[in-house]
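Student: Build the 3D model from these lines:
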Amino acid sequence: MVWIKRLLILALIALIVIQFIPVEKNEGGYESLNVFVAETKPSDEVAAILKSACYDCHSNQTVYPWYSNLAPASFYLADHVDNGKRHLNFSAWDAYSTKRKDHKLDELIEEVEAGEMPLESYMLIHSEATLDAAQTEALVNWAKAARLNYSEAFQPQ
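Tutor: Numbering: from 1, shown residues only. Predicted structure coming up:
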């Protein structure tokens, strides 16, 4: 019984200590999305979908929940956002080549149509990110139309 008490005390001390490990937050501002928005021209409906379901993990603007200041949740969220931005970062759209932009939009279409995005773990806490059939269709149709701007660059003249 004594060893259980010591283990719990040690775990509590560790939990307190990790609160002091800083985690970099992803709060660059929505202006970092200007190039992406200007090039892809999302409708107001699609812009709202992107903001509620995509930008937290796929841009330099994340709206953090209250628990993001508590470790180990802060570590999980930082890793989750970093991973999302590694796959697609709308804030870095201007740094992508035309071919890469086309490919990223193609991947977006595939992931959304397959129901792989947004992630279930994200939608559990962010119910506003759950896409209904009409929202999914609007997002996919917008991405297909936006893709034309980039895929035309690869068509023979």
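Student: quick one: the helices in this structure?
Tutor: 2-18, 34-40, 44-53, 55-58, 73-87, 98-113, 120-125, 133-151 (DSSP state H).
Student: tell me what the second one is packed against?
Tutor: By that I understand helix 34-40. For helix 34-40, the elements it packs on are helix 133-151, judged by 3 or more Cβ pairs under 8 Å, 6 or more residues apart in numbering; DSSP states H and E. (Each C-beta comes from the backbone N, C-alpha and C, glycine too.)
Student: Equivalent analysis for the shortest one, please.
Tutor: Using 3+ Cβ pairs under 8 Å, 6+ apart as the contact criterion, the secondary-structure elements in contact with helix 55-58 are helix 73-87.
Student: Show residues contacting the helix it packs on.
Tutor: With contact meaning Cβ atoms under 8 Å, 6 or more residues apart in numbering, helix 73-87 is reached by 21, 23-26, 56-60, 62, 64, 67-68, 91-92, 107, 121-122.
Student: measure the residue most central in space within the chain to residue 78 for me?
Tutor: Of all residues in the chain, the one closest to the mean position by Cα atoms, centre = their mean is residue 57, 1.9 Å from it. Distance of residue 57 to residue 78, computed by Cβ to Cβ, to the nearest Å: 11 Å.
Student: about what we covered before: please indicate which of the contacts of helix 73-87 are buried?
Tutor: 26, 56, 57, 58, 59, 60, 62, 68, 91, 122 (16 or more other Cβ atoms under 10 Å).
Student: Output those as TSV; include the columns distance to residue 48.
Tutor: Formatted as TSV, these follow (distance: Cβ to Cβ, whole Å):
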residue	distance to residue 48
26	20
56	14
57	17
58	15
59	14
60	19
62	17
68	23
91	18
122	16
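Student: what's the farthest-apart pair in these?
Tutor: The largest separation in the buried ones among the contacts of helix 73-87, counting by Cβ to Cβ, is between 68 and 91 at 18.8 Å.
Student: what stretches of this structure score poorly on pLDDT?
Tutor: 26, 29-30, 152-157 (pLDDT under 70).
Student: gap between residue 122 and residue 76?
Tutor: To residue 76, residue 122 is 12 Å away according to Cβ to Cβ.
Student: Could you tell me how many residues sit around the closest residue to residue 24 other than its chain neighbours?
Tutor: Excluding its sequence neighbours, the residue lying closest to residue 24 (Cβ to Cβ, 6 or more residues apart in numbering) is residue 78, at 6.7 Å. The burial count assigned to residue 78 is 17, neighbours taken as other Cβ atoms under 10 Å.
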